[in-house]
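predicted coordinates and the sequence they were generated for:
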Amino acid sequence: MIDIQESVDWLNKRGVGQVDVGIVLGTGLHGLVSKINVLKEFNYSMIPNFPIATVEFHFGKLIYGEMGGKKILACVGRFHYYEGYSMDEVVLPVRVMKLLGAKGILLSNAAGALNPDFTLGSLMLIDDHINLQPENPLRGPNDDSLGNRFPDMLEPYSKKLNSMLKEIAAEKGIVLNEGVYVSVPGPNLETRAEYRFLRTIGADAVGMSTVPEVIACKHMGVPCCAISILTDACDPARLKHTSIQEIIAVAESNEVYLTDLYSELVTRM
């Protein structure tokens with residue numbers, strides 16, 4: 001088992017104090033950092049027990065600062081199961097956020113749009129998810145200090161936070177779809193048959209992250225929310241070749257809307 005407290009103590013000794021809100025920024029989504037008054041910044045490689053992000057478009061930095069009157073701990077770049085890490089490593093950052101006092105955690109990702117009614121580049125507020133990852137961060141001996149052995153997953157995403165985000169989006173005129181996110185292992189994108197299957201089982205968007213962190217948050221009793229930027233169309237009938245570079249470009253060109261939503265949400269939390 002990973003020594004989470006060791007990571008927390010290391011950060012404490014280097015000036016990271018109380019955390020009000022934790023944020024995890026996904027693929028191509030680091031614009032929110034510009035809204036943070038940065039107090040401390042650490043490469044993941046410096047922090048005990050933190051893996052090193054192996055994906056070139058994930059920067060691998062932990063930022064401590066202030067935004068909207070709150071103390072923020074933000075992960076710029078996340079860890080994925082497909083990189084070869086254990087699920088304990090994947091969810092370590094959100095567990096550290098909890099032990100540092102986070103009262104809420106905001107997650108983001110780039111995802112493929114399975115729902116043909118959703119426009120490329122628009123946002124999707126995750127209302128529920130389907131977990132097709134081959135591992136679970138709660139597998140193995142339970143750490144009772146973190147949470148209950150069998151957490152209820154009826155409402156994995158905070159209704160309060162989701163309601164606030166919908167209100168903010170309406171005020172700002174931002175299109176915010178709502179739907180079900182399915183998390184798959186990756187790192188390859190899906191086949192036409194797999195896209196048909198995922199749509200058939202009820203998913204509106206597909207990606208390779210987020211769900212492990214949400215499970216860890218629910219286990220710890222920390223309210224969380226998650227927004228996907230829909231970066232590629234996954235309609236099997238009209239499927240086109242795509243690349244990670246194209247996906248990142250769409251994420252980066254539309255992340256301003258995510259930044260607007262999350263910066264305002266933090267202020268209101």
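That came in fine, so what should we check first?

when you work out contacts or count neighbours from here on, use the C-alpha atoms and nothing else.
Will do.

per-residue pLDDT, V55?
Predicted confidence (pLDDT) for V55: 58.

what do you get for T200?
pLDDT recorded at T200 is 97.

now the one 3 residues further on
In this model, A203 is scored at 98, pLDDT.

what is the burial count for it?
Neighbourhood size, A203 [other Cα atoms under 10 Å]: 22.

touching, it and E178? I think so.
No: applying Cα atoms under 8 Å, one finds A203 not in contact with E178, separated by 11.1 Å.

overlap in contacts of these two?
With contacts taken as Cα atoms under 8 Å, 6 or more residues apart in numbering, A203 and E178 have no neighbour in common.

can you point me to the longest helix in this protein?
Longest helix in the chain, counting residues (DSSP state H): helix 244-268.

which residues does it contact?
Defining contact as Cα under 8 Å, 6+ apart, one finds that helix 244-268 is touched by 21, 27-29, 31-32, 35, 67-70, 106, 110, 121-123, 161, 164-165, 168-169, 174, 227, 229-232.

so which of these belong to strands?
Among the contacts of helix 244-268, DSSP state E puts 21, 67, 70, 106, 110, 123, 227, 229-232 in strands.

and which of the residues you listed is nearest G207?
Among the ones in strands among the contacts of helix 244-268, A110 lies closest to G207 (Cα to Cα), at 7.0 Å.

how about the strands in the stretch 1-150 of the chain?
Remark: strands assigned in the stretch 1-150 of the chain by DSSP state E, counting those that start in this stretch are 21-25, 37-43, 61-67, 70-76, 104-113, 123-131.

so for the fourth one, mean pLDDT?
Throughout strand 70-76, pLDDT has a mean value of 96.

relative to strand 61-67, how tilted is that strand?
Interaxial angle, strand 70-76 versus strand 61-67 (axes from the mean of the first three to the mean of the last three Cα atoms, to 10 degrees): 160 degrees.

next one: the fifth one
Relative orientation of strand 104-113 versus strand 61-67 (the same axes, to 10 degrees): 120 degrees.

dump strand 104-113 to PDB, keeping only the CA atoms.
Below are the C-alpha coordinates for strand 104-113, written out as PDB (Å, rounded to 0.1, in the frame of the first residue of the first chain):
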ATOM      1  CA  GLY A 104     -14.500  19.200  -2.900                       C
ATOM      2  CA  ILE A 105     -12.700  17.900  -6.000                       C
ATOM      3  CA  LEU A 106     -13.200  19.000  -9.500                       C
ATOM      4  CA  LEU A 107     -12.100  16.700 -12.400                       C
ATOM      5  CA  SER A 108     -11.800  17.200 -16.100                       C
ATOM      6  CA  ASN A 109     -11.000  15.200 -19.200                       C
ATOM      7  CA  ALA A 110     -11.000  15.000 -23.000                       C
ATOM      8  CA  ALA A 111     -13.500  12.500 -24.200                       C
ATOM      9  CA  GLY A 112     -15.000  11.100 -27.400                       C
ATOM     10  CA  ALA A 113     -18.600  12.000 -28.100                       C
END
